[in-house]
Every structure is written in C-alpha cells, then in structure tokens.
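J.: my questions are about this predicted structure, shown below with the sequence.
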Amino acid sequence: MRSAGTLNHTDAPLPLPGAHEIVLRIHFTRDDVARARVAPGADPVWELILSLHLFQARRADRDPLLAGWRRDVAAGLRHSDDGASVRLLFALNPPQGYFPDFLTPFESRAGLLPALDAIRSTPTANLRRDLNLLAKRNRLPATAAALARGDVTTLHRLTDSMEAYRALAIAPHWSRIESAVEADRSQRARAMLADGADGLLGSLRPGMRWDGEVLEVGHYPADRDLYLDGRGLLLVPAYFCARTPVTLVDPDLPPVLVYPVERLGGLDQPADQGRPALAALLGRTRARVLEVVDGGCSTGEIARRLDVSPAAASQHAAVLRNAGLLVSRRDGNTMLHTLTPLGKAMLD
C-alpha cells in the first residue's frame, strides 16, 4: 500500500526496523543496485502532492517549520475562484493513507508541465482503478465520477487546480525547498563517490536499512515486498515528505521511493535573495544560472530549476560561457556545464 506519509509527522529520525514492525522491503538484484539513482532535483509534483497531505494533517499547526506556511495557504484558498476543483484536488489527497498513483507520474522528473500532460493523458482504466481504491476509505465528491470516466474537462480542471495551488503554496518557497533538496543530494553524492551504489543506499540510515540486497523501510503502513526486477530505483528527496517514505501501489510502474529531507529553516522565514551584487552585474537570471551550475549540471537541469525553457537556459549558458564563467561539454545528447575558476570566484 502506498502511504502519504503524513500521519504522526515529526522530523525525528525513524527507528530502525524491528522484528515485529510493519516494513516495506525493496528487493534488489545486482542490476538494480547499479541502476539506483537520485532524482535530479526537487520534484515539483511530488512536493505539490505531499504538501496537500501535510496541509491537512492534524499536527501541521504544531510544526514550527510549517505553521506559518499553512496559515498563509489557508488564507489564499479562502479566496480561490474555483472551489469545486480545489475540493476535488484535496479529496484525492487525504491527510493519511492511500492517494492515487496517477497524480505523481514518472514524467515529473522533467518538470511540472510534462507531468501535468501525463496526468491529463492517464488511461481511463488507471483512473478508474486508482479512484476505486481511494473510494474504499474516503468519501469523494461527485466530480470524481466524471474523473473516473476520463472526462477531459474534469482532467483539465484538476490539473488547472494543481497549477493554481502550486502558485499559492509551493512557488513562493521554491528556492528554500530546492536548497533543502540539493543539500540532501550533495550528501547522497558524497556517499556514492566514496562507496558506490552500496554507499548511496547505506546512507539512507537511520530511517531505512540496507543489507546489500534488501532496503527496509520501517513504520510502513502495510507489510509489503517490492521486487525491482532489474528496473532500478529512483530515490526522490522531498521537502514535504513527512516521517514515512512513500512508494507507489502499482508494482508495474517505474519504481520510486520518496523520502524526507532535513528542512533548512521554516517556510515563513525570508527566502534567500541570492547575491545582490552579482545579480546587479549579470542580471538576476544569469546570476541564478551561475548558482545552479556550481557543482555541475546539464542544460535541462538549469531549465527545470529556473523554470525557463531549455532554449532560454541554453542561451544564458552560452552568454556565460563566452564570458569565460563556465565551460560546457557534450555527453551524448546532454550538454554538461561547470564553472571556470573565474566563474567560481565571481560566485563566491
């Protein structure tokens, strides 16, 4: 069973799985270990969906890192122009328990718009299956019936409400969310460089335990075995993931495991405004490109993190490259960028 991971939210580490504990066991072959990888950055759709669960959780107001955020979101929702679509979005995402697989498509790795396109293209059979599972323990609004039939208008209203909610609840805090996720990715990268994929999977302690063949997730809502069968595992660090990591119900979907990161300050704190002098010199967007490229990244990653088109990201990178601030090299169909010593000095 897939859990929203919002019950009994705490940032304290999870105890290691015990003999009588309900556990998710993820079984790896040798190929799966080699194909374990970390998502390229904060996932806009997973953050959106998981934030809906935390927003509704009873303990959200007690969390000092989220209380101010929740009040601001609640105030914004009271002035929403499309109450029916927002009600459907919240009904599909209860504060605990199952939520539909189709809301978090694998395409979200490429950004929000590809994910929303994938949601709108969900096969009717998948919609019906997911909503029937959800309805077993949750009361759904009448619009859910049209959604289960694959009604195009209802699907578009749902994704429109996701975009509107993201603009209200996620976008103003995206820089802080990205920073927390990037800090976790750096930790995983160091473990990977030091000890390979075994080091990466072992670094997920104490909330998860890796024994070389099986990754155990403690305090899972249902005892379950997930066999990767050579497909590998995508690890998705998430700011709004609460105490329990999250996976998908459908074993035939690309395997993902979403896990919580350490939150670096509350969302009600002032967002990092970057380096004002650098922004004044280069322009705000190109200053942000330098920040993103610090440590190395692709053109696609620049586009996703800055929420610009790939063409715009490529153009900004070309200007900075011509100025001697970064260097680029092609790896297959991907252009990879790193800072030059001059670019690093300017950033610092």
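T.: Sure thing, it's come through. Fair warning: this is a prediction, and the values are worked out from it, not measured in the lab.

J.: neighbours around residue 252, how many?
T.: 7 (other CB atoms under 10 Å). (C-beta placed from N, C-alpha, C; glycine too.)

J.: residue ranges of each domain in the protein, please.
T.: 23-260, 276-347 (automatic domain parsing).

J.: show me the one of those domains that comes nearest residue 267.
T.: domain 23-260 (4.0 Å; CB to CB).

J.: do me a favour and get the end-to-end distance for that closest one?
T.: Length of domain 23-260, first residue to last, CA to CA, to the nearest Å: 17 Å.

J.: thinking again about what came up before, least reliable of the domains of the chain going by mean pLDDT?
T.: Mean pLDDT values for the domains of the chain show the minimum at domain 276-347, a mean of 87.

J.: residues near residue 93, how many?
T.: For residue 93, using other CB under 10 Å, the count is 22.

J.: now residue 196: how far from residue 33?
T.: 9 Å (CB to CB, to the nearest Å).

J.: which of those two has more neighbours?
T.: residue 33 (20 against 14).

J.: can you tell me the SS state at that one?
T.: Classification of residue 33 by DSSP: H, G, I helix; E, B strand; the rest coil places it in helix.

J.: neighbours of the closest residue to it other than its chain neighbours, just the number please.
T.: Nearest non-adjacent residue to residue 33, counting by CB to CB, 6 or more residues apart in numbering: residue 197, 4.8 Å away. For residue 197, the count of nearby residues is 20 (other CB under 10 Å).

J.: surely residue 197 touches residue 34?
T.: Yes - if you go by CB atoms under 8 Å, residue 197 and residue 34 touch, sitting 6.2 Å apart.

J.: could you dump the domains of the chain into JSON lines with distance to residue 267 added?
T.: JSON lines is the format used below for the domains of the chain (distance: least, CB to CB, whole Å):
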{"stretch": "domain 23-260", "distance to residue 267": "4"}
{"stretch": "domain 276-347", "distance to residue 267": "18"}
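
J.: buried residues in the strand or helix carrying the residue nearest to residue 33?
T.: Using DSSP states H and E, residue 197 sits in helix 174-202. Across helix 174-202, burial judged by 16 or more other CB atoms under 10 Å covers 174-182, 184-185, 187-188, 191-192, 197, 200-202.

J.: that one packs against which elements?
T.: On a contact count with 3 or more CB pairs under 8 Å, 6 or more residues apart in numbering; DSSP states H and E, helix 174-202 meets helix 30-34, strand 37-38, strand 208-210, strand 234-238.

J.: and the spatially most central residue of the chain, what is it in contact with?
T.: Taking CA atoms, centre = their mean, the centroid of the chain lies closest to residue 43, which sits 3.0 Å from it. Residue 43 is in contact with 108-109, 236, 238, 258, counting by CB atoms under 8 Å, 6 or more residues apart in numbering.

J.: good, wrapping up.
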